[in-house]
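**Q** Here is a sequence with its predicted model. Questions after.
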Amino acid sequence: MRVGIVGTGFMGRTHAAAWSATEAVISGFVSLNKAMAEPIARQYQTMAFDSFAAMLEEVDIVDICTPTHLHHGMVLEAAQAGKHIICEKPLARTIKEGQEMIAACRAAGVQLIVAHVVRFFPEYALARKQVHDGQIGNPAVLRLTRGTFQPKKTEDNWFVDFAKSGGMMLDLMIHDLDYARWVAGEVETVYAKKISSEHAGAHVDHGLVILRHRSGAISHVEGSWAYPPPLFRTRFEIAGSNGLLQHDSADTAAIGLHLRGSGDEDIPDVPLPSSPLIEDPYTTEVKTFYRSLLNGEPAPVSGAEGLAALQLALAGIESAESGFPVTIDQLPEVKEEKRS
Amino acid sequence: MKIGILSFAHLHAEAYIQNLRAIEGVELMGIADEDRERGAHFAELNQTQFYDSYEQLLEDDPDGVIVCSENSRHRPLVELAAAHGVHALCEKPLATTLEDARVMLEACAEAGVTLMTALPMRFSAPIVEFKQQVDSGSLGRIYCLNTTNQGRMPVHERAWFVDPVLAGGGAIMDHTVHLVDIMRWCMDSEVVEVYAQANRILHADMVEVETAGLLMLTFDNGVFASVDCSWNKPFNYPTWGGLTMELISERGLTTIDAFRQNLNVFLQGPARNAWLYWGSDANQAMIEEFVSAIKENRPPLVTGEDGYRALEVTLAAYYSADMNLPMRLS
């Protein structure tokens, strides 16, 4: 199958590397303008398209790696053109957008897959499997942390533009909100606090969320854009009626580089966890998605799953703003999927 | 100076005896316990005198007593000590109801004796260092904290720890007061709002009390802080549990792991791997403070009032968990 990649920033480049490890043909790239797409097109010996519309004519799959606020329009356009879609997380900026995207893909009979890559990080996948296999009994208390510095892309920093990205909770914490739901099931209540709601004028953000799941399990989810660069840390602790699972990226760093010299110029725009693997999680993710499309299987992470995660992140923002817990009413798209 | 122990219900009494004996000029006068068998056993084990009534010990002219009864039975012993004009160090939580706690504060105030709450974390070297960092201003403006005081369910230490009446609750009652007290102390700020969720999935077949809890506190300085007080560590965990805090401030991230100072021990054989603690003994420093406060006729570093405040937050957490609403404290 032929894939076109939209967006040539950090995620577009990462996905391109992942696609090159599959049998799929990378038909080309689209960026804000053709000149921006040309270097990476050359690298993969493929073409830079003039426009998204032009790309849609040449591909079977569209991989959308653009800023969050652009997902909605692009997914609708790609669905109308009958293309399968892989969309970066968060699925959309609002629930309504996400629902329209799911409806459009269903109407067009195309697959919509949401790139919640944390599900493909081996430590997260393994822990979820342990829980799923009943190794620790019924999940009771989950603690999930993902902390780093604020993305520091200087030009058009859409990450820090709340209208475009939804801020830290929508961009970063959504990984762990999705994971909490994947491990402990549907969520009933969301209560949250974050620096950007409590401390006006702070130049960093950090959020703490308490979830109550329908099963009775409770989760503590922490997301940070407040660590000093280049710190990036992930952690989880999952306690069940029969045992405990713990992970801390600080403890599993299989290689440490403590080198002299240089300063700020070595800090990447967007931090990446460094745990060397023969196959990186993004490649595992893209291979899994591609295999499902080739075989006509259900989406490994469906639009409805992406929508449910989006709902939790938006509820977190709402709770942090209002000071009250937010009740989660299961969306029809999510309910339907559970039934089928 | 003569110090006695009132009740051996709480296992900390054993540690306090060693702590008292390590202080020059302090005499452990004995143990009084209404449970004759228990009191006599520990008195013999520790080669000290056994009193079979609390009054008897109090009439033997102690300078101070350490109250180590069950949580809901602190009040009568503290009142009794006050009535005898004896200073009291009371195990945490100060009581299981605010009414009991208030009566205890009033009784000691009227009698003119000291009431200290046994909140040893104020004497933990890593916590003291943390407070110094906060006080120095080196961390910049504080935004929020993510804290944990987790552990094994202490049912094997003492059965009453999981009794809803004697303990006054489960994991929330057991663990919350420590973190509330440290944060109040380090930031010189009071909790104004509490939100909590709790459940009983861990050890559901063994106990009636909650075994897990997550709290969110808001302080009057605008700082918010989560507390995980869960009994989430399996019985074969290498240690009883721990206490951690991660603070986000203007300058970045500060992490505290108060019980990190351990030696990892692996032995041939079926026994589990163990952590041997080599950090400083906070209990020792706490008992020394009680003795010094009496000697110097001054309020101790952790007062009965501090115990009251921590209990107030803890009880608000129970209301919040029941109502699924944040509770304002007046």
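**A** Alright, I've got the coordinates.
**Q** Pull out the buried positions in the helix ranked longest in chain A.
**A** The residue-count maximum for a helix in chain A (DSSP state H) belongs to helix A:303-322. By neighbour count with 16 or more other C-beta atoms under 10 Å in any protein chain shown, helix A:303-322 contains the buried residues A:303-317, A:319-320. C-beta: built from backbone N, CA, C; applies to glycine.
**Q** Contacts for whichever helix or strand comes after it, please.
**A** As assigned by DSSP states H and E, the chain's next helix or strand after helix A:303-322 is strand A:326-327. Contact partners of strand A:326-327, identified using C-beta atoms under 8 Å, 6 or more residues apart in numbering or on different chains, comprise A:188-191, A:315-316, A:318-319.
**Q** Next, count neighbours for residue 59.
**A** Assuming you mean chain A. 23 (other C-beta atoms under 10 Å in any protein chain shown).
**Q** I was after chain B.
**A** Other residues close to residue B:59 by other C-beta under 10 Å number 12.
**Q** got it, and residue B:118?
**A** Other residues close to residue B:118 by other C-beta under 10 Å number 23.
**Q** pretty sure it is in contact with residue B:90, am I right?
**A** Yes. Applying C-beta atoms under 8 Å as the test, residue B:118 and residue B:90 come out as touching, 6.4 Å apart.
**Q** so what's in contact with these two at the same time?
**A** Common neighbours of residue B:118 and residue B:90, using C-beta under 8 Å, 6+ apart, are residue B:66.
**Q** about what we covered before: which of the contacts of strand A:326-327 are close to chain B?
**A** A:189, A:191 (C-beta under 8 Å from any C-beta of the partner chain).
**Q** Residue A:223 is in contact with residue A:146, isn't it?
**A** Yes. Between residue A:223 and residue A:146 there is a contact under C-beta under 8 Å: 5.5 Å.
**Q** who has more neighbours, the two?
**A** Taking other C-beta under 10 Å, residue A:223 and residue A:146 do not tie; residue A:223 has more neighbours (30 against 23).
**Q** Would it be right to say that the more buried one lies in a helix?
**A** No. Counting by DSSP: H, G, I helix; E, B strand; the rest coil, residue A:223 is not part of a helix but strand.
**Q** ok, it to chain B distance?
**A** 11 Å (C-beta to the nearest C-beta, to the nearest Å).
**Q** same deal with residue A:303?
**A** Taking C-beta to the nearest C-beta, one finds residue A:303 at 29 Å from chain B.
**Q** And residue A:258, by the same measure?
**A** Distance, residue A:258 to chain B, by C-beta to the nearest C-beta: 19 Å.
**Q** Equivalent analysis for residue A:312, please.
**A** Residue A:312 is 15 Å from chain B, by C-beta to the nearest C-beta.
**Q** And the closest residue to chain B within the stretch 151-300 of chain A, which helix or strand is it part of?
**A** At 3.5 Å from chain B, residue A:239 is the closest residue in the stretch 151-300 of chain A, using C-beta to the nearest C-beta. For residue A:239, the element it lies in under DSSP H and E is strand A:233-240.
**Q** cool, residue B:185 as well?
**A** Counting by DSSP H and E, residue B:185 is found in helix B:171-187.
**Q** Put the alpha carbons of that helix into PDB.
**A** Output in PDB follows, covering the C-alpha atoms of helix B:171-187 (Å, rounded to 0.1, in the frame of the first residue of the first chain):
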ATOM      1  CA  ALA B 171      -5.200   3.700  54.800                       C
ATOM      2  CA  ILE B 172      -6.400   7.300  54.800                       C
ATOM      3  CA  MET B 173      -6.400   7.500  58.600                       C
ATOM      4  CA  ASP B 174      -3.100   5.700  58.800                       C
ATOM      5  CA  HIS B 175      -1.000   7.700  56.400                       C
ATOM      6  CA  THR B 176      -2.500  11.100  55.600                       C
ATOM      7  CA  VAL B 177      -1.500  13.000  58.700                       C
ATOM      8  CA  HIS B 178       2.300  12.600  58.100                       C
ATOM      9  CA  LEU B 179       2.200  14.400  54.700                       C
ATOM     10  CA  VAL B 180      -0.300  16.900  55.700                       C
ATOM     11  CA  ASP B 181       1.800  17.900  58.700                       C
ATOM     12  CA  ILE B 182       5.100  18.100  56.700                       C
ATOM     13  CA  MET B 183       3.600  20.200  54.000                       C
ATOM     14  CA  ARG B 184       1.900  22.600  56.600                       C
ATOM     15  CA  TRP B 185       5.200  22.900  58.400                       C
ATOM     16  CA  CYS B 186       7.400  23.300  55.300                       C
ATOM     17  CA  MET B 187       5.200  25.900  53.700                       C
END
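**Q** And the next helix or strand past that helix?
**A** For helix B:171-187, the following helix or strand on the C-terminal side (DSSP H and E) is strand B:191-199.
**Q** Direction-wise, compare that next one with helix B:171-187 and give the angle.
**A** 150 degrees (axes from the mean of the first three to the mean of the last three C-alpha atoms, to 10 degrees).
**Q** Might you calculate how far strand B:191-199 sits from the centre of the chain?
**A** 19 Å (C-alpha atoms, centre = their mean, to the nearest Å).
**Q** for stretch A:111-126, same thing?
**A** Its chain's average C-alpha position is 8 Å from that of stretch A:111-126, according to C-alpha atoms, centre = their mean.
**Q** So for the helix or strand of chain A with the lowest mean pLDDT, what gets flagged as buried?
**A** Every helix and strand of chain A was ranked by mean pLDDT, DSSP states H and E. The lowest is helix A:332-339, at a mean of 87. Using 16+ other C-beta under 10 Å as the test for burial, helix A:332-339 gives A:333-334, A:337.
**Q** Residues touching it, excluding its own?
**A** With contact meaning C-beta under 8 Å, 6+ apart, helix A:332-339 is reached by A:99, A:102, A:302-305, A:307-308, A:311.
**Q** Lovely, talk soon.
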